[in-house]
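Q: Following is a predicted model, sequence given first.
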Amino acid sequence: QVQLVESGGGLVQAGGSLRLSCAASGRTFSDYAMGWFRQAPGKEREFVATISRSGDSTYDADSVKGRFTISRDNAKNSVYLQMNSLKLEDTAVYYCAAGPVMATRRGSYAYWGRGTQVTVSS
(Lines give C-alpha, C1' and ligand atoms only; values in the text may rest on other atoms or scores of the structure.)
Protein backbone atom coordinates (compact mmCIF):
# COMPACT_ATOMS: atom_id res chain seq x y z
CA GLN A 1 0.00 0.00 0.00
CA VAL A 2 1.05 3.56 -0.69
CA GLN A 3 -0.51 6.48 1.12
CA LEU A 4 -0.51 9.85 -0.63
CA VAL A 5 -1.30 13.22 0.90
CA GLU A 6 -1.50 16.37 -1.19
CA SER A 7 -0.95 19.89 0.11
CA GLY A 8 -0.32 23.41 -1.14
CA GLY A 9 -3.65 24.21 -2.73
CA GLY A 10 -5.45 27.47 -2.16
CA LEU A 11 -6.90 30.61 -3.69
CA VAL A 12 -4.73 32.52 -6.17
CA GLN A 13 -5.32 35.27 -8.70
CA ALA A 14 -5.08 34.59 -12.40
CA GLY A 15 -1.47 34.86 -13.51
CA GLY A 16 -0.19 33.78 -10.12
CA SER A 17 1.66 30.66 -8.99
CA LEU A 18 1.20 27.77 -6.60
CA ARG A 19 3.33 24.77 -5.73
CA LEU A 20 1.55 21.56 -4.86
CA SER A 21 3.24 18.83 -2.87
CA CYS A 22 2.38 15.17 -2.45
CA ALA A 23 3.94 13.20 0.38
CA ALA A 24 4.09 9.42 0.05
CA SER A 25 4.41 6.76 2.70
CA GLY A 26 4.25 2.99 2.76
CA ARG A 27 6.17 1.19 0.06
CA THR A 28 9.39 2.37 -1.59
CA PHE A 29 8.58 5.66 -3.27
CA SER A 30 11.14 5.27 -6.05
CA ASP A 31 9.41 2.07 -7.19
CA TYR A 32 6.53 4.16 -8.55
CA ALA A 33 5.98 6.57 -11.37
CA MET A 34 3.86 9.49 -10.23
CA GLY A 35 1.14 11.52 -11.81
CA TRP A 36 -0.97 14.59 -11.19
CA PHE A 37 -4.60 14.75 -12.25
CA ARG A 38 -7.32 17.33 -11.71
CA GLN A 39 -11.09 17.40 -11.59
CA ALA A 40 -13.19 20.50 -12.07
CA PRO A 41 -16.84 20.64 -10.95
CA GLY A 42 -19.06 18.70 -13.32
CA LYS A 43 -16.12 17.37 -15.32
CA GLU A 44 -14.19 14.14 -15.47
CA ARG A 45 -10.84 13.76 -13.80
CA GLU A 46 -8.15 14.64 -16.32
CA PHE A 47 -4.45 14.02 -16.69
CA VAL A 48 -2.06 16.89 -15.89
CA ALA A 49 1.50 15.54 -15.70
CA THR A 50 3.53 12.42 -15.01
CA ILE A 51 7.10 11.69 -13.98
CA SER A 52 9.22 8.55 -14.13
CA ARG A 53 10.49 6.64 -11.12
CA SER A 54 13.90 8.30 -11.26
CA GLY A 55 12.57 11.70 -12.23
CA ASP A 56 14.54 11.89 -15.46
CA SER A 57 11.50 11.80 -17.69
CA THR A 58 8.31 13.83 -17.58
CA TYR A 59 5.24 14.36 -19.75
CA ASP A 60 2.65 17.11 -19.51
CA ALA A 61 -0.84 17.61 -20.85
CA ASP A 62 -1.03 20.13 -23.68
CA SER A 63 -3.23 22.38 -21.57
CA VAL A 64 -0.43 22.96 -19.03
CA LYS A 65 2.71 22.72 -21.19
CA GLY A 66 5.07 25.58 -20.50
CA ARG A 67 3.18 26.60 -17.35
CA PHE A 68 3.29 23.58 -15.01
CA THR A 69 6.33 21.53 -14.01
CA ILE A 70 6.28 18.17 -12.28
CA SER A 71 9.28 17.10 -10.20
CA ARG A 72 10.09 14.63 -7.45
CA ASP A 73 12.54 14.15 -4.60
CA ASN A 74 12.93 10.46 -3.86
CA ALA A 75 14.94 11.20 -0.73
CA LYS A 76 11.92 13.07 0.64
CA ASN A 77 9.29 10.67 -0.77
CA SER A 78 7.60 13.59 -2.43
CA VAL A 79 6.36 14.76 -5.80
CA TYR A 80 5.63 18.36 -6.68
CA LEU A 81 3.66 20.36 -9.20
CA GLN A 82 4.85 23.90 -9.80
CA MET A 83 2.03 25.85 -11.39
CA ASN A 84 2.76 29.23 -13.00
CA SER A 85 0.67 31.62 -15.07
CA LEU A 86 -2.48 30.15 -13.60
CA LYS A 87 -5.73 30.57 -15.50
CA LEU A 88 -9.35 30.50 -14.39
CA GLU A 89 -9.75 27.14 -16.12
CA ASP A 90 -7.07 25.61 -13.89
CA THR A 91 -9.55 25.70 -10.99
CA ALA A 92 -10.02 22.11 -9.83
CA VAL A 93 -9.24 19.58 -7.16
CA TYR A 94 -5.74 18.27 -7.84
CA TYR A 95 -4.84 14.67 -7.10
CA CYS A 96 -1.53 12.87 -7.06
CA ALA A 97 -1.32 9.21 -7.98
CA ALA A 98 1.24 6.39 -7.95
CA GLY A 99 1.60 3.61 -10.49
CA PRO A 100 4.11 1.20 -12.01
CA VAL A 101 4.87 3.29 -15.12
CA MET A 102 4.38 6.79 -16.48
CA ALA A 103 0.89 7.05 -17.90
CA THR A 104 -1.84 9.47 -18.85
CA ARG A 105 -4.74 7.10 -18.12
CA ARG A 106 -6.34 7.12 -14.67
CA GLY A 107 -6.62 3.35 -14.68
CA SER A 108 -2.84 2.99 -14.81
CA TYR A 109 -2.49 4.34 -11.28
CA ALA A 110 -3.13 2.09 -8.30
CA TYR A 111 -2.91 4.64 -5.50
CA TRP A 112 -4.50 8.06 -5.12
CA GLY A 113 -4.49 10.90 -2.67
CA ARG A 114 -7.61 12.71 -1.51
CA GLY A 115 -6.84 15.87 -3.42
CA THR A 116 -6.20 19.54 -2.75
CA GLN A 117 -8.38 22.39 -3.99
CA VAL A 118 -6.91 25.00 -6.31
CA THR A 119 -9.10 28.02 -7.05
CA VAL A 120 -8.00 30.67 -9.52
CA SER A 121 -9.85 33.98 -9.32
CA SER A 122 -10.02 36.88 -11.76
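A: Perfect, I can see it now.

Q: who's the residue nearest the centre of the chain bridged to?
A: By Cα atoms, centre = their mean, the chain has its centre lying nearest to residue 36, at 2.5 Å. Judged by DSSP bridges, the bridge partners of residue 36 are residue 49, residue 96.

Q: 115 is where my numbering starts, stick with that
A: Done: numbering now begins at 115, and the last item shifts to residue 150.

Q: ok, it touching residue 123?
A: No. Look at residue 150 against residue 123 with Cβ atoms under 8 Å: they stay out of range, at 11.8 Å. Every C-beta, even on glycine, is put in place using the N, C-alpha and C of the backbone.

Q: re the thing from before, do you know how far the residue nearest to the centre of the chain is from residue 163?
A: Separation of residue 150 from residue 163 (Cβ to Cβ, to the nearest Å): 5 Å.

Q: Overlap in contacts, residue 150 and residue 123.
A: 134, 208 (Cβ atoms under 8 Å, 6 or more residues apart in numbering).

Q: wait, isn't residue 200 in contact with residue 129?
A: Yes. Under the criterion of Cβ under 8 Å, residue 200 makes contact with residue 129 at 6.7 Å.

Q: All the helices of the protein, residue numbers only.
A: Using DSSP state H, no helices are assigned anywhere in the chain.

Q: which stretches of it form strands?
A: 116-121, 124-127, 132-140, 147-153, 160-165, 172-174, 182-187, 192-197, 206-213, 225-226, 230-235 (DSSP state E).

Q: how about those in a markdown table, adding mean pLDDT and distance to residue 219?
A: Formatted as a markdown table, these follow (pLDDT from 0 to 100; distance: least, Cβ to Cβ, whole Å):
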| stretch | mean pLDDT | distance to residue 219 |
| --- | --- | --- |
| strand 116-121 | 97 | 18 |
| strand 124-127 | 98 | 28 |
| strand 132-140 | 97 | 19 |
| strand 147-153 | 98 | 9 |
| strand 160-165 | 98 | 8 |
| strand 172-174 | 98 | 12 |
| strand 182-187 | 98 | 16 |
| strand 192-197 | 98 | 18 |
| strand 206-213 | 98 | 9 |
| strand 225-226 | 98 | 13 |
| strand 230-235 | 98 | 22 |
